[in-house]
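Q: predicted coordinates and the sequence they were generated for:
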Amino acid sequence: MTNLNLLMILLSFALLLLCMLAPLRKSAAVQKCPSLKMLFKPHGIYGVLLLIVSFLHGILSGNKPAMMTGKAAWLCLLILLALSMLRKGMGTAVWLRLHRIFSVLLCLLIAVHVVHAVFL
């Protein structure tokens, strides 16, 4: 594994954490701390960066057995971002439900991808 690929893995993980912790931005603890509030604000930008960085990670990793689970996770992320672009076209409640479903699915797929890459 190259150092650049390792950097892409770490960046992907950090961006995924920032995306998944976005619901905390409305908590009282985050509201009291301006630096945390500012950290959680660019949620959409983190998602796009995650798409780009994970794409680069996939290219740098090459043809490995975990490639298929990585593609499934990347496709889920792509659908998640496409739904976010269509947010105005659907009701807020419908969009929020779909966004949450695909977010949980993305986390599960990434967990399967990591297990497949590390242990199998």
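A: Received, thanks.

Q: what distance do you get for the residue in the chain sticking out farthest from the centre to residue 46?
A: Centroid-distance maximum for the chain: residue 32 at 26.0 Å, with CA atoms, centre = their mean. Separation of residue 32 from residue 46 (CB to CB, to the nearest Å): 22 Å. From N, CA and C alone the C-beta is placed, and that goes for glycine too.

Q: one step back: for the residue farthest from the centre of the chain, give me phi and psi.
A: Per-residue torsions, residue 32: phi -80, psi -20 (degrees, to the nearest 10).

Q: tell me which residues touch it, please.
A: Contacts for residue 32 were tallied using CB atoms under 8 Å, 6 or more residues apart in numbering; there are none.

Q: just the helices from this structure, written as ranges.
A: Along the chain, counting by DSSP state H, helices occupy 3-20, 28-32, 34-40, 43-61, 67-85, 92-119.

Q: could these be laid out in TSV, adding mean pLDDT?
A: Converted to TSV, the helices of the chain look like this (pLDDT from 0 to 100):
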stretch	mean pLDDT
helix 3-20	96
helix 28-32	87
helix 34-40	89
helix 43-61	96
helix 67-85	96
helix 92-119	95
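
Q: can you tell me what sits against stretch 41-50?
A: Here stretch 41-50 has contacts from 11, 12, 15, 16, 18, 19, 22, 25, 77, 80, 81, 84, using CB under 8 Å, 6+ apart.
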